[in-house]
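In: sequence first, then the predicted structure:
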Amino acid sequence: MVELTELASRSFIVAARKSGDQAAFVQSASKTHGVNVNLSEVDSLSTHLCRSYIVSVYHSAERFLHDFREEHVALYRNAWVGDGMSVDPLTVALRNIAASQSDAEDRIGKDLITRFQYYRIVRNWIVHTKDSDQTKLDAKHAEIAPYSEEHERMFSTLEAPNLASVLKFDDFVCFTRLTKRIAEKMAEIARPTPQQLVDSLSFTDVSRFNGLKAGRKRNALSGRIKTIYGLDDATANWIADTFIDSLA
C-alpha cells in the first residue's frame, strides 16, 4: 500500500505542476472526488507521506519485537531482563538473545542497529514533538556507523538515511530493508537446537492428535513443527519422534 500511495501522490503532484494552474487543478480534483483539500498541504505532501512511512515501518518493527519476545520467552522459559522507561524494545532484545548485548550487536551489525535507532528517534520526533530544533536528530544521524561490506551491497543503491528535515522515499525502503535484516539476524542468533525444541513442547502440543494412529500422529506433529519453525523434514521428524517417545 505504501508503494501505491507513493505512486499516486507523485502522479498527482506531477499532474498539478503540469496543469499550469495548480490551484485550479487541485480545486477541480477536490470537487470531482468529493475530498476537501487545503491547497497549502499539496506542496508538503511528499514530506508528510515520507514521515508517515517511517511511523508505519516502526509500528511493524515494534509488533515484531513484541511477538519475538513472547516466542523467545515461551521457547527458552527465561524471562527477559533490562526493561526500563527509557529503554527501547530493540535494546532490550539485544540484552537477552545472546551472551551479552555487545555480542548481539556484533552479530547483527552496528551499521544496521545505528540506522534503526536513528529512524526510531525520527519516528518519535514525528509522533510526539516535531520540534523545529533538530539538533538531537542531526547528532543521532552523525552517529550512524559505516556499512559493513556485506550490507554495503544490500543498501548501496539507496540515498538514505537522510536528515529528518529532508526524508525521502528511499528512507522508507532503507528502514524496511534494515528492519527485515535485523529480524533475520535475531532469528539466526536465537535459533534453538532440535533438543531445545523437544524440551519446549508440551503434552497439549500432541494431545490434539490423540485420535490418530502412531504414524499419522507423528506426521501431524512434524508438520506442525515445520510450519511454526520452518525446519526441514528430517529435523522436524526427529523432534516429533523424540517428543512422542518421551511420552511413552
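Out: Arrived safely, thanks for sending.
In: and for Tyr32, the neighbour number?
Out: You called it Tyr, but residue 32 is Thr. Here the count is done by other C-beta atoms under 10 Å, and Thr32 has 8 residues near it. Any C-beta I mention is one placed from the backbone N, CA and C, and that applies to glycine too.
In: ok, His33 to Ala8 distance?
Out: According to C-beta to C-beta, to the nearest Å, His33 and Ala8 sit 12 Å apart.
In: again with Pro89
Out: Counting by C-beta to C-beta - Pro89 and Ala8 are separated by 32 Å.
In: who's more crowded, those two?
Out: The neighbour comparison of Pro89 against Ala8 (other C-beta under 10 Å) goes to Pro89, with 17 against 11.
In: Arg115 against Pro146, yeah?
Out: No: at 10.8 Å, Arg115 and Pro146 do not qualify as touching, with contact defined as C-beta atoms under 8 Å.
In: ok, those two, which is more surrounded?
Out: Each of Arg115 and Pro146 has its neighbours counted (other C-beta under 10 Å); Arg115 has more, 27 against 9.
In: what sits closest to the more buried one if chain neighbours are left out?
Out: Of all residues beyond its chain neighbours, the one nearest Arg115 is Leu178 (5.3 Å), with distances taken as C-beta to C-beta, 6 or more residues apart in numbering.
In: just Arg123 next, same as before
Out: Tyr58 (4.3 Å).
In: what does Asp241 give?
Out: Taking C-beta to C-beta, 6+ apart, and ignoring the residues beside it in sequence, Asp241 has Arg218 as its nearest neighbour in space, at 6.2 Å.
In: report the buried residues of the helix or strand containing Thr5.
Out: In the assignment (DSSP states H and E), Thr5 maps to helix 2-18. Taking 16 or more other C-beta atoms under 10 Å as the neighbour-count basis, helix 2-18 is seen to contain the buried residues Glu6, Ser9, Ala16.
In: list just the nearest of the residues you listed to Arg63.
Out: Glu6 (22.1 Å; C-beta to C-beta).
In: now do the contacts for that closest one.
Out: By C-beta atoms under 8 Å, 6 or more residues apart in numbering, the contact list for Glu6 reads Leu49, Tyr53, Phe169, Phe172.
In: show me what the top helix by length along the chain is packed up against.
Out: The single longest helix within the chain, with elements called by DSSP state H, is helix 45-76. With contacts taken as 3 or more C-beta pairs under 8 Å, 6 or more residues apart in numbering; DSSP states H and E, helix 45-76 sits against helix 2-18, helix 89-94, helix 110-124, helix 169-189, helix 194-200.
In: look up how far Asp111 lies from Asp232.
Out: Shown here: Asp232 relative to Asp111, a distance of 31 Å by C-beta to C-beta.
In: between those two, which one's more packed in?
Out: Asp111 (18 against 9).
In: which other helices and strands does the helix or strand where Arg216 lies contact?
Out: With secondary structure defined by DSSP H and E, Arg216 is part of helix 214-229. Contacting helix 214-229 under the criterion 3+ C-beta pairs under 8 Å, 6+ apart are the following elements: helix 203-207, helix 233-247.
In: what's the burial count for the closest residue to Thr242 other than its chain neighbours?
Out: Nearest in space to Thr242, with sequence neighbours left out and distances taken as C-beta to C-beta, 6+ apart, is Val198 at 4.9 Å. Val198 is surrounded by 19 other residues when neighbours are defined as other C-beta under 10 Å.
In: which of the helices and strands packed on helix 214-229 is buried the deepest?
Out: Mean neighbours per residue, mean count of other C-beta atoms under 10 Å, is largest over the helices and strands packed on helix 214-229 for helix 233-247, with a mean of 16.
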